[in-house]
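Enquirer: Give me coordinates for this.
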Amino acid sequence: MYNLYVRMPPADAPVPDRIQDDPKVKAAFKDVIGALDGTHLPAHPPAAERARFRDRKGNVSFNVMAGCSFDLLFQFVIAGWEGSASDSYVLGKALATTLKIPQGRAYLGDAGFALSKSVMVPYRGTRYHLKEWATGNAK
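Expert: Numbering: from 1, shown residues only. I've put the predicted structure just below:
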């Protein structure tokens, strides 16, 4: 099933229309192929292995990482890592083994990842969407 629904785009894949059609966005994100993040799912390992599956919030979990395109199609999924493994660690191991991001392309990631040639992350200490934060959720 993985090969049926999960596909990495080719290196020569065109820039998505959402980026191509917006000059402000295109300048910074023309090489971005999608977004990635990790999430934690409940795990039930044997009692002897439970400690390494405990995440930073104290829950016993698996760390599952996924990357998706701007069309919300999965490009990769990495499952089964212990909850104690950070997103950055899981990504590093995946890049060293099975995950091959096309040369010159990158993913958007959150602050849980380190800046690299294959992952763009926000600047630390910078607030984004300032207008939206100023008004809060008021309508």
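
Enquirer: could you point out which element follows the longest helix anywhere in the chain?
Expert: In the chain, with assignment by DSSP state H, the single longest helix is helix 87-96. Next helix or strand after helix 87-96 toward the C-terminus (DSSP states H and E): strand 106-108.

Enquirer: That next one: how far from the chain's middle?
Expert: Once both centres are worked out by Cα atoms, centre = their mean, to the nearest Å, strand 106-108 turns out to sit 8 Å from its chain's centre.

Enquirer: Need phi/psi at the spatially closest residue to Leu36 that is not a sequence neighbour.
Expert: Closest residue to Leu36 apart from its sequence neighbours, by Cβ to Cβ, 6 or more residues apart in numbering: Gly67 at 3.9 Å. No exception for glycine: its C-beta is placed from N, CA and C like everyone else's. Main-chain torsions, Gly67, degrees, to the nearest 10: phi -120, psi 140.

Enquirer: so Gly67 touches Ala35, yeah?
Expert: Yes - with contact defined as Cβ atoms under 8 Å, Gly67 counts as touching Ala35 (7.0 Å).

Enquirer: Where does the spatially most central residue of the chain fall, secondary structure wise?
Expert: Of all residues in the chain, the one closest to the mean position by Cα atoms, centre = their mean is Leu36, 1.5 Å from it. If you go by DSSP H and E, Leu36 is part of strand 32-42.

Enquirer: This structure: helices as residue ranges?
Expert: Along the chain, counting by DSSP H, helices occupy 2-5, 17-20, 23-29, 87-96, 130-135.
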